[in-house]
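Novice: Have a look; sequence and predicted model below, questions after that.
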Amino acid sequence: MPPKRGKKAAAVAAPPAPPPLDGCTIAFSGSFPGLSQSTLQGQATQLGAATSSSVTKNTTHLVTTPADFAKPSAKVKDAQNNGIHIVSLHWLQDSLQKNNRESEQTYGFGAVNGSSAAPAAPQASTTNGSTSRVKSAKANGSKKRQASPSPDVAAADEDEDEPEPQKKKKKTVAEIAESESKRDFGEGQIAKSRDIRIPVDEHCDLQGYGVYIGDDGVIWDASLNQTNAGHNNNKFYRIQLLGDGKGVCFTWTRWGRVGDRGQSATLGGGSLDDAKRQFEKKFKDKSGLHWNDRTAAPKPGKYVFLERSYDESDSEDEDDEDKKANGKVKDEDDDYKPPKCTLSAPVKELMELIFNQQYFAAAMSDLNYDANKLPLGKLSKATIMKGFQALKDLSAVLDDNSLAVNYGTSLVNAVENLSNLFYSFIPHNFGRNRPPIIRDQAMVKKEIELLDNLTDMKDATALMKANLSSRPTTHPLDTHKEFLLLQEYLVETRGHTHNANYRVDAIFRIERQGELDRFDKSVFSGPPKDRRLLWHGSRATNFGGILSQGLRIAPPEAPVSGYMFGKGIYLADMSSKSANYCCSHISGGTALLLLCEAEMGDPMQELTNSEYNAGDHAKAKGMWTTWGKGRTGPLKWKDAGAVHPTLAGVKMPDTNVKPGDTNYPNAWLQYNEFICYDVAQIRLRYLFRVKM
């Protein structure tokens, strides 16, 4: 006998609820990388919606991309004219994930005509007119490569697994350098002019958009970097808030391994407020900091914010690109011919060497710096100082292991974390190789060399953009006595361990503006105490900075351990010792060497071994210079007045007597080094262009 049925069992079952998108008809427009049309239609069907290959009178929703909406495409126009919901792919996929019809208002794009169902158009008035601050830095038809826009959903876990392989007068270089040197970290993110044009990321596919600048002057452009040697991470993240100047705004993101193009995504529904929310959220997710706190100390395990350098000259460059892209270059520009160079051939060739862009690229590659991630012209001095500070902290831990406790971790972890922090501030391109941990002072010294070179090359880059009000005060010498004596000094002071060979192409007598006046007003003026004519070598790519700014001493942020006798200007009496720092292989076998007049003082601090704090010790003794005594050097000196009358009282080696064994007791160095601790001690006198 069958069991009796309960009353509840006898009740008629309720009909199942209709699927979330029942009654909807969805069309798609644009390209969704990794998702085919059939896949998208399947997702819509799973939610109960019908699909359509075109926008018809029955269509209720158009799922599209920011790029397709921005054009706008034919489907977008049809949807706008028919009052159809225009939404991002997020709407469909979130509805699928939650099995619920999500609000179109949250995921909607811009304005439509004739429908209250459509989301409201983003209005400029919502930002008190600040949308007028958006400058279109890249116009339609620009020369950058087109890329299919990534759907918003692509940004979900994007960087956890990296993919495998009217013109204004320009500022002078002095004005640019001075303004940068006075900036604190973060100040460069504030626009100083409403006319500045911020470059859009080179791989962005949104045509006719520019970087948004708020009413407070804040530039909504974030470059983030993160290195973790232990996990073989060396990655970047770029975030930009972009607008078309008409109220439509999106947040553009691109990420990947340093040196690669990476992946990208466009976020937001088209309104400024939504784009800001997306920008701030993404910045917080990646850096651990609120956008308003971007200059705070980096969070462990998070991306580091890199301040970029924005200059009005960048705006002019962008204007030129826009004109070319749109074919709107003025007629007079078509007929423009650059003025004939009036420099003498030797000076012209010198300038071409110093400002050779290929040599700049080779020098940065040689030092592993990634100029694509943060080009020299965009690298702020504040960021370089952050790099110096990271090296200083790392050097201190390497010198005194007990300092690791200050970082709340072991010595090994403290060293790795500080090494990672440095690489995060100063992007390096290691390819797919694991970033090397900076474990000793030799590696610290190599990275200090990078920062020193970046400082000079950055100034050279600024010089190329600057409005030069006068010609350089350089004078090529001919083959008379002055030339011959200087050439002898070069050739006859080659160290026997260096195997250097020289061919002198030109020698220039130089005078930097203001340098003599600075010297005359300093404590180093007056009758010479021990004034010498000594060598200084550097990469050719550094000489734009050296000639414009003079020889400089490392900043306080730099660790003293990177310098054998402390932070100062290093000079030599043997030409080949200085020539080794020229890295002539980077500049086509050509080296640039300086001869400097330097007041050493009497007595000098004499040392036979390295001492990182030599500068502080010398100053405590009232001495101006350290003499690192070498085993080989000039054995006789003479008055340099024989070379030029203005050098009377200055000493230089007498090349009639060959350099030899100095017989200094306990000398550890191979050759002499002289370290001046005040830039006013030194005047640049001659510049040699030498083939090696």
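Specialist: Alright, I've got the coordinates.

Novice: pLDDT wise, what is residue 276 at?
Specialist: Note for residue 276: predicted pLDDT of 96.

Novice: Using the three-state scheme, assign the residue lying closest to it once chain neighbours are set aside.
Specialist: Excluding the flanking residues, the one nearest residue 276 by C-beta to C-beta, 6 or more residues apart in numbering is residue 241, at 6.6 Å. Every residue, glycine included, has its C-beta placed from N, CA and C. Judged by DSSP: H, G, I helix; E, B strand; the rest coil, the three-state class of residue 241 is strand.

Novice: I'd guessed residue 241 sits against residue 213; true?
Specialist: No. Counting by C-beta atoms under 8 Å, residue 213 is not a contact partner of residue 241; they are 9.3 Å apart.

Novice: For the two, list the residues in contact with both.
Specialist: Listed contacts common to residue 241 and residue 213 are residue 220; contacts here mean C-beta atoms under 8 Å, 6 or more residues apart in numbering.

Novice: ok, residue 429 - how many residues close by?
Specialist: Neighbourhood size, residue 429 [other C-beta atoms under 10 Å]: 18.

Novice: I'd like to know how far it sits from residue 361.
Specialist: 12 Å (C-beta to C-beta, to the nearest Å).

Novice: Residues contacting stretch 581-592, please?
Specialist: With C-beta under 8 Å, 6+ apart as the criterion, stretch 581-592 contacts 353-354, 356, 359, 362-363, 366, 505, 537-541, 543, 579, 593, 687-692.

Novice: just the buried members of those residues?
Specialist: Buried positions within the contacts of stretch 581-592, assessed by neighbour count (16 or more other C-beta atoms under 10 Å), are 353-354, 356, 359, 362-363, 505, 537-541, 543, 579, 593, 687-690, 692.

Novice: which ones among those residues are found in strands?
Specialist: Here DSSP state E is the test, and the buried ones among the contacts of stretch 581-592 give 505, 537-538, 593, 687-690 as lying in strands.

Novice: three-state assignment of residue 57?
Specialist: Residue 57 - assigned by three-state DSSP - is coil.

Novice: Tally up the residues packed near the residue nearest to it when sequence neighbours are not counted, please.
Specialist: Excluding the flanking residues, the one nearest residue 57 by C-beta to C-beta, 6+ apart is residue 82, at 7.0 Å. Residues within reach of residue 82, counting by other C-beta under 10 Å, total 18.

Novice: Pretty sure residue 82 sits against residue 54.
Specialist: No. Contact status for residue 82 versus residue 54: not in contact, 11.7 Å apart, counting by C-beta under 8 Å.

Novice: Quick check: longest helix in this protein by residues?
Specialist: helix 441-465 (DSSP state H).

Novice: how many other residues sit next to residue 77?
Specialist: For residue 77, using other C-beta under 10 Å, the count is 13.

Novice: separation between the closest residue in space to residue 621 that isn't next to it in sequence and residue 568?
Specialist: Once flanking residues are discounted, residue 621 sits nearest to residue 605: 6.4 Å by C-beta to C-beta, 6+ apart. As judged by C-beta to C-beta, residue 605 and residue 568 stand 11 Å apart.

Novice: Give me the common contacts of those two.
Specialist: residue 626.

Novice: that older thread, can you spell out which helices and strands pack onto the longest helix of the chain?
Specialist: Helix 441-465 sits against helix 173-181, helix 357-366, helix 381-399, helix 543-549, with contacts defined as 3 or more C-beta pairs under 8 Å, 6 or more residues apart in numbering; DSSP states H and E.

Novice: got the buried residues for the third one?
Specialist: By neighbour count, and taking 16+ other C-beta under 10 Å as the criterion, the buried residues in helix 381-399 are 381-395, 397-398.

Novice: Give me the residues contacting the next helix or strand after it.
Specialist: As assigned by DSSP states H and E, the chain's next helix or strand after helix 381-399 is helix 411-425. Helix 411-425 is contacted by residues 225-230, 234, 298, 300, 303-304, 306, 383, 386-387, 390-391, 393-394, 397-398, 401, 403-404, 407, 409, 435, 437-439, 447 when judged by C-beta under 8 Å, 6+ apart.

Novice: element containing residue 346, please.
Specialist: helix 345-354.

Novice: Can you give me the buried ones in that helix?
Specialist: Within helix 345-354, the residues scored as buried using 16+ other C-beta under 10 Å are 346-347, 349-351, 353-354.

Novice: go on, stretch 674-691?
Specialist: Those would be 674-690, for stretch 674-691 by 16+ other C-beta under 10 Å.

Novice: for stretch 630-648, same thing?
Specialist: For stretch 630-648, using 16+ other C-beta under 10 Å, the buried residues are 630-634, 638, 640, 643-644, 647.

Novice: any idea how far residue 399 lies from residue 444?
Specialist: 10 Å.

Novice: can you list residues touching both of these two?
Specialist: What both residue 399 and residue 444 touch, as defined by C-beta under 8 Å, 6+ apart, is the set residue 561.

Novice: hmm, back to that, of all the buried residues of stretch 630-648, which two lie farthest apart?
Specialist: 631 and 644 (31.3 Å; C-beta to C-beta).

Novice: Okay, domains of this protein per the record?
Specialist: 25-121, 130-160+193-314, 474-691 (automatic domain parsing).

Novice: Which among those is found nearest to residue 460?
Specialist: Between the domains of the chain, domain 474-691 lies closest to residue 460; by C-beta to C-beta that is 2.5 Å.

Novice: quick one: low-confidence parts of the protein?
Specialist: Across the chain, the ranges flagged by pLDDT under 70 are 1-15, 33-34, 110-187, 194, 311-343, 370-378, 461-479.

Novice: ok, the residue nearest to residue 204 when sequence neighbours are not counted - contacts?
Specialist: The spatially closest residue to residue 204, leaving aside those adjacent along the chain, is residue 252, at 5.2 Å (C-beta to C-beta, 6+ apart). By C-beta under 8 Å, 6+ apart, the contact list for residue 252 reads 200-201, 204, 206, 238-242, 264-267.
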